[in-house]
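*Asks:* Kindly generate the corresponding structure for this input.
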Amino acid sequence: MATTTYEPYEGAKLERMTRDAEIAKSRYPDPMSALLPMLHLVQSEDGYVTPDGIAFCARSLGLSTAEVSAVATFYSQYKRHPNGEYTVGVCTNTLCAIMGGDAIYEELSEHLGVGHDETTADGKITLERVECNAACDYAPVVMINWEFFDNQTPDTARAVVDRLRAGEQVAPTRGASSVCTFKQMSRVLAGFSDGRADEGVGAGEPTLVGWRLAQEKGWEAPGQSTEGAREGGPDTAAQDEPVAPASGGEHSSVDQPAAPPSGGSHDTATGRDTNATEEA
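*Replies:* Purely as a prediction, here's the structure:
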């Protein structure tokens, strides 16, 4: 299991955290909006959202610890127990699952000896089942500290985690040139740049297919130009002006409001006249 120890919120750490918290708060009209980045900031220091980290956020933003905890427990990127150095998230949503995501997860779970949101004994890998990573054109997808590893197989995914556990650098398919640690990525998510935004590959070829086709055909979004109609694109000139819907009619509720809700009690409004009698 990953270690549960972390440096107390005092001295140099407290000064550093307070300074960064002020930067985060300054980015929002309402300082309380800085809670999400501040929780990432806590993780960048402690490796998870610790009780002391919750108390720090509450003091900094004038909130109760219960209010901070309510947010920290809502979002899955915030960890309430020690996290591994690398979070390996296997997408098992519909498309990735049928393309092999379930097989990848099962292989990694057996190989690492851990289940969902569990961490290897060496503290290196936390394994997760995750929902859609918005990369369906590269399914099945694995994310390591939220960097993309596209078109994976059980064998390639196992090889990547073995390299991470051996202390080797690994490069994602797209994005930065190498995968950083969970703490380092948490600081980036807190809004503090690591200067690596322009590294590596950006949009890959599968993502650009539609854009290239539109460029070749001269297609444009409706309303921008009538020239997009050439080569089979949308002819915006041929489109009629929008017509306001007519009131009344068979399917309209303008003249025939929906029936009021049923039920309720003497102190719960139902929209009905309680003195009215039902007509036959």
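
*Asks:* can you give me the helices in this protein?
*Replies:* 11-26, 35-46, 51-61, 65-72, 94-96, 102-112, 154-165, 182-189, 205-217 (DSSP state H).

*Asks:* Between helix 35-46 and the fourth one, find me the angle.
*Replies:* Okay, so that is helix 65-72. Per axes from the mean of the first three to the mean of the last three Cα atoms, to 10 degrees, the angle that helix 65-72 makes with helix 35-46 is 90 degrees.

*Asks:* Keeping just the C-alphas, turn helix 65-72 into PDB.
*Replies:* This file holds the C-alpha atoms of helix 65-72, laid out as PDB (Å, rounded to 0.1, in the frame of the first residue of the first chain):
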ATOM      1  CA  THR A  65     -14.600  21.200   6.300                       C
ATOM      2  CA  ALA A  66     -17.900  19.500   5.500                       C
ATOM      3  CA  GLU A  67     -18.400  21.700   2.500                       C
ATOM      4  CA  VAL A  68     -14.900  21.000   1.200                       C
ATOM      5  CA  SER A  69     -15.400  17.200   1.800                       C
ATOM      6  CA  ALA A  70     -18.600  17.300  -0.100                       C
ATOM      7  CA  VAL A  71     -16.800  18.500  -3.200                       C
ATOM      8  CA  ALA A  72     -13.700  16.200  -2.700                       C
END
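
*Asks:* before we move on, the earlier item: now tabulate the helices of the chain in CSV and tack on distance to residue 199, mean pLDDT and mean neighbour count.
*Replies:* Where you see a C-beta, it was placed from the backbone N, CA and C, and this is true even at glycine. Converted to CSV, these look like this (distance: least, Cβ to Cβ, whole Å; pLDDT from 0 to 100; neighbours: other Cβ atoms under 10 Å):
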stretch, distance to residue 199, mean pLDDT, mean neighbour count
helix 11-26, 23, 97, 14
helix 35-46, 19, 98, 23
helix 51-61, 29, 97, 19
helix 65-72, 30, 97, 17
helix 94-96, 25, 93, 18
helix 102-112, 26, 98, 18
helix 154-165, 18, 97, 17
helix 182-189, 12, 96, 20
helix 205-217, 18, 88, 11
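
*Asks:* Could you export the ones you listed as TSV, including distance to residue 119?
*Replies:* Listed next are the helices of the chain as TSV, based on distance: least, Cβ to Cβ, whole Å:
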stretch	distance to residue 119
helix 11-26	23
helix 35-46	14
helix 51-61	18
helix 65-72	18
helix 94-96	23
helix 102-112	9
helix 154-165	12
helix 182-189	10
helix 205-217	32
